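*Asks:* what would the 3D arrangement of this be:
(chains A and B)
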Amino acid sequence: MQVLPDLMGREEKAVYALRSLYHSHGYKPYKMSKFEEYELYLRNKDFLISDSILTFTDPAGRLMALKPDVTLSIVKNLREGGLQRLYYHENVYRVPKGSQEAKEIMQVGLECIGDVDAYCEYEVLYLAVRSLALLGQPFVLSLSHLGIVRSVIECCGFTGSDAQSVLSWIGEKNVHELTEFCIAHGIDERSMNALTFLVRTYGPIGEVLPALRDGIGDFVEKTELDAFIQLGEALSETPYSGSVRIDFSVMNDIRYYNGLVFQGYLRNIPDGILSGGQYDLLMEKMGKSSRALGFAVYLDLLERLEKSGETMDADVLVLYGKDTPLNLVREEVDRQTADGRSVIALKEIPEGIRCRETVRIDGERRAPNA
Amino acid sequence: MLNIALPKGRLGDKVYDLFEKAGFECPSIRENNRKLIFENPDLGVRYFWVKPSDVAIYVERGAADLGVAGKDILLEYEPDVYELLDLKLGRCRMCVAGPADFRDDPSRTLRVATKFSHITEKYYHGIGRSIDRIHLNGSIELAPILGLSDVIVDIVETGTTLRENHLAVLETIVPISARLIANKASFQFLSGEIEKIRAGLKEQTEAEA
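*Replies:* Numbers count the residues shown, from 1 in each chain, chains lettered A, B, ... in the order given. From the prediction side, this is the model:
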């Protein structure tokens, strides 16, 4: 079966391109049910982006949920051992913040679970960058490391709700409140500089990497910082280095995420279209000993790139009369479609229709939408 | 071109003055006309006025790259934006206010009238006090006078309205002022331009302090 690329929407083309990319790196497709028992989400509510979960009772009387997340299902059903590379193409169901209406969101993503090493981390980041590049717009992948951010905060003496406040200010790039808080808590200048370094320092990996040891080297385990720098250097050698940035404001819940966290953006889309990270703490919480990282691409956001009102209903509108013989209409439609054009055949021009060309059955051609 | 959402009204005028002094002027904004959008193509800035409580929505959803919103709005709606600078304009306090002789009875549920529901719930949850929150859209000070609530949570600037109605500030929850906010995605692509504006405004803010 041949599928004409013109017939595929932007989302569909992206799905094929991304699946093919993940397949080429040894990732296997993972298919799951639309439903999970509600209890899974109740136990891990904080891991979910959306607070509201759509539930129903199945014929066996179990309380089920339309899945709001893919990662939890994969982790729950995972058999540990070795290294598993999985990719998925699924819809999830979420209620956006401030809305009362659920939304179906198309996600494509991957998970790398098991004995994750430095190469696996590089590979996942590289595939995230390649995923953004495939979407055909200028892009940025912003990369942070929650282990590093957490070490700096703890080294400065902040724990509990204070640490949570500091994390929020780093996430908001809010230097003024962070500084006020440090002064109010009598934090020494060296520690305060390390904390504000996390907010003030961002940009292309080639510019930020060399500054990390001086900026926060005394506050982070050397092996952890070295591993992050090594990863950054590997990414800087790819053709996409100009689009990869280090930015410690990229955040995720520290109860689940512990290492790399990253967010991808496309120009002209006001939200992050890709989100990912390392979630060993979720694995632990679910009784698994493996390490894990992955990401999801939110393909529904691609519709923001389409300008409404610019699409055509068909290339050609074939207009025929009340008494036109069927054969004549059929021949004209066949002639047009044989040339690869899309056709709508009608007796009169309906209001609002948009075609590049109008053809009357007697052969007279007129200007578009005449 | 950077899209900048400014809050309509007295605060907005002061905010625009600050942008102008920082070198990001747009003379057409001073003209008396019905235009909604004002551009200075040479400086790459485009301003528009919106209702103060809507600035954060424009910025969060990317219709504006930058905006100026009150901290009260940021705390109430918690938009997913960067908060880049405290402009130190429109300074006031989010307070608990009530009759000057009010004494809280912890054995009763406290009735609190406010238009800042989220801030109120978060504050009382934080101190472990059970409340009956009453959401109002205006004239909040009337509520304790007419017995609709025991106290109110509202913005207090000078405290004159409270005093004239025999009310007083009982607690300060948080200081409020205007903040420069940025859309997170815009920041990834326009950080150079945004940083220039932030630095210019910071310089002006410090000069006027």
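*Asks:* need the pLDDT of residue 167.
*Replies:* Since you didn't name a chain, this refers to chain A. pLDDT for A:Leu167: 95.
*Asks:* hmm, I had chain B in mind actually
*Replies:* 94.
*Asks:* that one and chain A, how far apart?
*Replies:* 29 Å (Cβ to the nearest Cβ, to the nearest Å). All C-beta spots, glycine's among them, are computed from the backbone N, C-alpha and C.
*Asks:* what kind of secondary structure is the nearest residue in space to that residue that is not next to it in sequence in?
*Replies:* Once flanking residues are discounted, B:Leu167 sits nearest to B:Ala97: 5.2 Å by Cβ to Cβ, 6 or more residues apart in numbering or on different chains. When classified by DSSP: H, G, I helix; E, B strand; the rest coil, B:Ala97 comes out as strand.
*Asks:* next up, the contacts around B:Ala97.
*Replies:* B:141, B:144, B:151-154, B:156, B:162, B:167-170 (Cβ atoms under 8 Å, 6 or more residues apart in numbering or on different chains).
*Asks:* any idea how far it is from chain A?
*Replies:* From B:Ala97 to chain A the distance is 24 Å (Cβ to the nearest Cβ).
*Asks:* what does chain B have sitting close to chain A?
*Replies:* Residues of chain B that fall close to chain A, judged by Cβ under 8 Å from any Cβ of the partner chain: B:60-63, B:77, B:81-86, B:182-189, B:191.
*Asks:* of these, keep whichever come out buried.
*Replies:* B:60, B:62-63, B:77, B:81-86, B:182-189, B:191 (16 or more other Cβ atoms under 10 Å in any protein chain shown).
*Asks:* which of those fall in strands?
*Replies:* In strands, defined here by DSSP state E, the members of these are B:81-86, B:182-183.
*Asks:* buried stuff in the helix or strand bottoming out on mean pLDDT in chain B?
*Replies:* Here the helix or strand of chain B ranked lowest by mean pLDDT, DSSP states H and E is helix B:160-164, holding a mean of 91. Neighbour-count burial for helix B:160-164 flags B:Leu162 (criterion: 16+ other Cβ under 10 Å).
*Asks:* what's the strand ranked longest in chain B packed up against?
*Replies:* Of all the segments of type strand in chain B, defined by DSSP E, the longest one is strand B:167-176. With contacts defined as 3 or more Cβ pairs under 8 Å, 6 or more residues apart in numbering or on different chains; DSSP states H and E, strand B:167-176 has these neighbours: helix B:71-77, strand B:92-99, helix B:117-126, strand B:151-156.
*Asks:* comparing the ones you listed, which comes out most buried?
*Replies:* strand B:151-156 (a mean of 24; mean count of other Cβ atoms under 10 Å in any protein chain shown).
*Asks:* return the member of the contacts of B:Ala97 nearest to A:Arg255.
*Replies:* B:Val153 (30.0 Å; Cβ to Cβ).
*Asks:* didn't the closest one look like it was pressed against B:Glu121?
*Replies:* No: at 9.6 Å, B:Val153 does not count as touching B:Glu121 under the criterion of Cβ atoms under 8 Å.
*Asks:* buried stuff in stretch A:262-280?
*Replies:* A:262-266, A:269-280.
*Asks:* just the endpoints, please. Distance across that stretch?
*Replies:* 15 Å (Cα to Cα, to the nearest Å).
*Asks:* chain neighbours aside, what residue packs nearest to the residue of chain A at minimum distance from chain B?
*Replies:* In chain A, the residue that lies nearest chain B is A:Pro270 (2.3 Å; Cβ to the nearest Cβ). Computed as Cβ to Cβ, 6+ apart, the closest residue to A:Pro270 that is not its neighbour in sequence is B:Gly62, at 2.3 Å.
*Asks:* what's in contact with the longest strand of chain B?
*Replies:* Residues contacting strand B:167-176 (Cβ under 8 Å, 6+ apart): B:70-72, B:75, B:90-100, B:102, B:119, B:123, B:141, B:144-145, B:151-153, B:155-156, B:159, B:162.
*Asks:* which outside residues touch stretch A:10-18?
*Replies:* A:5, A:8, A:87, A:89, A:106, A:108, A:131, A:134-135, A:297, A:299-300, A:302-303, A:305-306.
*Asks:* which of those fall within helices?
*Replies:* Residues of these located in helices (DSSP state H): A:131, A:134.
*Asks:* and the furthest pair within the contacts of stretch A:10-18?
*Replies:* Longest span within the contacts of stretch A:10-18, Cβ to Cβ: A:Tyr87 and A:Glu306, 25.5 Å.
*Asks:* what distance do you get for the residue of chain B found nearest chain A to A:Gly272?
*Replies:* With Cβ to the nearest Cβ, the shortest gap between chain B and chain A falls at B:Gly62, namely 2.3 Å. According to Cβ to Cβ, to the nearest Å, B:Gly62 and A:Gly272 sit 11 Å apart.
*Asks:* overlap in contacts, the two.
*Replies:* Counting by Cβ under 8 Å, 6+ apart, the residues touching both B:Gly62 and A:Gly272 are B:Ala185.
*Asks:* is chain B contacted by stretch A:176-191?
*Replies:* Yes: legend: contact between stretch A:176-191 and chain B by Cβ under 8 Å from any Cβ is shown at A:176-177.
*Asks:* what does that stretch contact?
*Replies:* Residues contacting stretch A:176-191 (Cβ under 8 Å, 6+ apart): A:155-158, A:162, A:165-166, A:169-170, A:192, A:195-196, A:199, A:218-219, B:83, B:85-86.
*Asks:* let's see it at 10 Å
*Replies:* Contact with stretch A:176-191 is made by A:152-153, A:155-158, A:162, A:165-166, A:168-170, A:172, A:174, A:192-196, A:198-199, A:218-219, B:71, B:83-88, B:175, B:177, B:179-180, B:202, B:205, as judged by Cβ atoms under 10 Å, 6 or more residues apart in numbering or on different chains.
*Asks:* same question for stretch B:17-28.
*Replies:* Contacts to stretch B:17-28, defined as Cβ under 10 Å, 6+ apart, come from residues B:2, B:4, B:6, B:16, B:29-30, B:35, B:37-47, B:66, B:68, B:87-89, B:178, B:180, B:196-205, B:207-208.
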